[in-house]
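>>> Here is a sequence with its predicted model. Questions after.
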Amino acid sequence: MLDALYHNITNRLNTGILILDSDFNIVMWNRFLEVHANKKDNNVIGKSIFTVFPELPKKWFERKLSSVIQLKNQSFCGWEQRHHLFELSHSRPITTDSHFMAQNCTFLPVEVEGEVKHVCLLIEDVTDVCHYQTQLNKALEDLALSNRIDGLTQAFNRKHWEECLASEFSRARRYNYDLALVMLDLDQFKLLNDTFGHQGGDKVLIDTAKSVNDLLRMGDMFGRYGGEEFAVILPNTDLVGAEEVAERIRQTIASNTVDYQGRSINVTVSIGVAVIEAEDTRYEDLISNADIALYEAKSNGRNRVCLAKQCPTKETIVA
Amino acid sequence: MNAFDLTEDQQDCLQELINVAMGQASDQLARYLDTFVYLKVPKIEQVKSEQLLVTLNQDLKATAVVSQGFFGYEGIRGEALLMYQPQDSNRLADLLGYEADELTFDEQIIDLSSILTTTFLNVFASQIDNQMSYSAPRLLSPNLGAVTQHLQQQAFNWDLALKVRISYQVTDYSFNCDMVLLIPEQAIINIKTVIDRILEEF
Amino acid sequence: MSTNVLICDDSNLARKQVFRSLPESLSTDVQLAKNGQEALDILRDKKIDILFLDLTMPVIDGLGVLQALKDDNIELAVFVISADVQPEMQSRVMDLGAKAFLRKPVQLDILNENLKTHGFL
């Protein structure tokens, strides 16, 4: 009577039950698995689990099972570590995008008179959990990204860029690394806006940002500092290296033309360069030094690179 | 003085129950790692839930935290956290190694934590005539921020945490981890009753 | 004549558990030690017949005591009673001259059986 009851309930459970002997042969399974694996009973019972489910990672599975038998201790395998062990169909083929059922598996040692001869596997369908958690993670990532990015130019926004500078500055101080800062400002941007309209101005900002970004190395940090002002953090870079980068940026921008509604817009940038100096105690010192050099590049006729004053080479006027 | 308000005898009894449980847990660990584990006396601390956050913030920049729920009879239930410092989880990674098609490091640290937690609690429970069941272990987060944040929201549910500092030396490697058991008040009262019963017997 | 027994364990409860498990038929004079150092002080001072020894202890642990007994040529029956049940630990203490390894918490019948095996009952 009770046996029939158990049998009935086992076969109605929404959890897979699979019992294996220590030679990895299937002793019993329930309807849940029969249906989702879409295999017939007589091809399964008494057969090796690796024959019935060839997709199983054999070495992994053997190790897992032998540790359960040897230690007489239950073990788990969650979807976050392995999406699934068994290739089973699931009941959300339309509302989720995963091909196989995401699974949480529990390996239970079955102890009879102090000896473990069988292991019971419980297989739970967590396709929903997996689906929503994955979507949530993606949303959180997107959110974190949009908190760091300037929507128009795709460069880092001012806030995130400054955080980067602060941490690079303290790293450079701590380990005595070089650190350079390049600040650039589009020349005559107000005039450009007046001539081509704000949408034309936006197009110039977008194209300029892209050109600069393409010139940078991995590890350089490019941000939009203000309206038409951009800034680049160059870690482990000395004055000579920074000046090279700045000059390359200046030349590239000057030689490119921006296409806007069939018209070509020529733009130039003025650039100030500073490197970390012994007397700089805060990252803001680096910004103001680069800013002063930038101002100088502007007042000396624009479309040029100026180096910050306290640098030994003083200033170099290009072009 | 402490949240448990244990007498010296009660404290001694709890320590012994934990020593015995820890002994068997390290035996299991040794079998899992296929090596000999040198065991030190586990250090037990009782931490009030409001202090727990401070404690965790102070001495844990844990890289790996594995959480596992447990529940037994007579209202004994709670959550066990196993916390590994970066240097310890690095050593552990060296020790465990990794082969393709074998268990990943995340899987191994979950397995290892689960073995420690479940063996420890099984033996602890059997000594106080109880029996435990467990929820699936979860690797919480790669940084502590999420854990303290999580505890900040949870802390009021827990009156006391039992922190068991486990120090292992495994052949050439030594590593430490902290096992923190978060236990609700009813479970504490129950454990205390059981301790008194044991003490009366002797 | 009574048997001189020393129980060495850092836990009061564990010492009591051993003490209560001693059979009434054995007339004993029991002394207690809280760690390996205390035990060695007593052992060097006085003739002890049976030592019940824990392993995981502060100051000097059980292995340290066994080693010191060996070095000092102190002969007596040592029964190790420990929670550290790893097979390698069990063989280590036997190699160091212990008569038997008993797992914690100590069981009355197992303790008596061991005393019988080694001729104390």
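Looks like it arrived, so ask away. Everything numeric in this text was worked out from a predicted model, so none of it was measured.
>>> For the residue nearest the centre of chain B, which three-state class applies?
Nearest to the mean C-alpha position of chain B, by C-alpha atoms, centre = their mean, lies residue B:179 at 2.7 Å. In the three-state summary, residue B:179 is assigned as strand, counting by DSSP: H, G, I helix; E, B strand; the rest coil.
>>> and chain B, which residues reach chain C?
B:9, B:12-13, B:15-16, B:19-24, B:26-27, B:30, B:36-37, B:39-41, B:127, B:198-199, B:202 (C-beta under 8 Å from any C-beta of the partner chain). Every C-beta, even on glycine, is put in place using the N, C-alpha and C of the backbone.
>>> Just the ones of those in helices?
Cross-referencing those against helices under DSSP state H gives B:9, B:12-13, B:15-16, B:19-24, B:26-27, B:30, B:127, B:198-199.
>>> hmm, which of those residues are the buried ones?
Neighbour counting by 16 or more other C-beta atoms under 10 Å in any protein chain shown classes B:9, B:12-13, B:15-16, B:19-24, B:26-27, B:30, B:127, B:198-199 among those as buried.
>>> pretty sure residue A:272 is touching residue A:288, no?
No: in this structure residue A:272 lies outside contact range of residue A:288 using C-beta atoms under 8 Å: 10.1 Å.
>>> Following the chain past the helix or strand hosting residue A:290, name the next helix or strand.
Applying DSSP states H and E as the criterion places residue A:290 in helix A:283-299. Next in sequence after helix A:283-299, counting helices and strands by DSSP H and E, comes strand A:305-307.
>>> Just the buried residues of stretch A:169-188, please?
A:169, A:172, A:179-187.
>>> Kindly report the same for stretch C:95-110.
C:96, C:98-106.
>>> need the residues of chain C near chain B, please.
Close to chain B, as judged by C-beta under 8 Å from any C-beta, chain C has residues C:10-14, C:16-17, C:20, C:56-58, C:82-86, C:88-89, C:104-105.
>>> Apply 6 Å and report the result again.
C:11-14, C:16, C:20, C:56, C:83-86, C:88, C:104-105 (C-beta under 6 Å from any C-beta of the partner chain).
>>> Can you list the neighbours in contact with the helix holding residue A:290?
A:165-166, A:169, A:181, A:183, A:185, A:270-272, A:274, A:280, A:304, A:306-308 (C-beta atoms under 6 Å, 6 or more residues apart in numbering or on different chains).
>>> Name the nearest of these relative to chain C.
residue A:166 (47.3 Å; C-beta to the nearest C-beta).
>>> what mean pLDDT would you report for stretch B:27-47?
The average pLDDT for stretch B:27-47 rounds to 79.
>>> Just the terminal-to-terminal distance for it.
27 Å (C-alpha to C-alpha, to the nearest Å).
>>> Are that stretch and chain A in contact anywhere?
Yes: Stretch B:27-47 reaches chain A (C-beta under 6 Å from any C-beta) through B:28, B:31.
>>> who's in contact with the residue most central in space within chain C?
Nearest to the geometric centre of chain C sits residue C:52, at 1.5 Å (C-alpha atoms, centre = their mean). Counting by C-beta under 6 Å, 6+ apart, residue C:52 touches C:7, C:18, C:79, C:81.
>>> Mind listing the residues bridging to it?
residue C:7, residue C:79 (DSSP bridges).
>>> Next, the contact list for the residue nearest to residue C:76 when sequence neighbours are not counted, please.
Nearest non-adjacent residue to residue C:76, counting by C-beta to C-beta, 6 or more residues apart in numbering or on different chains: residue C:48, 5.4 Å away. Going by C-beta under 6 Å, 6+ apart, residue C:48 touches C:4, C:6, C:76.
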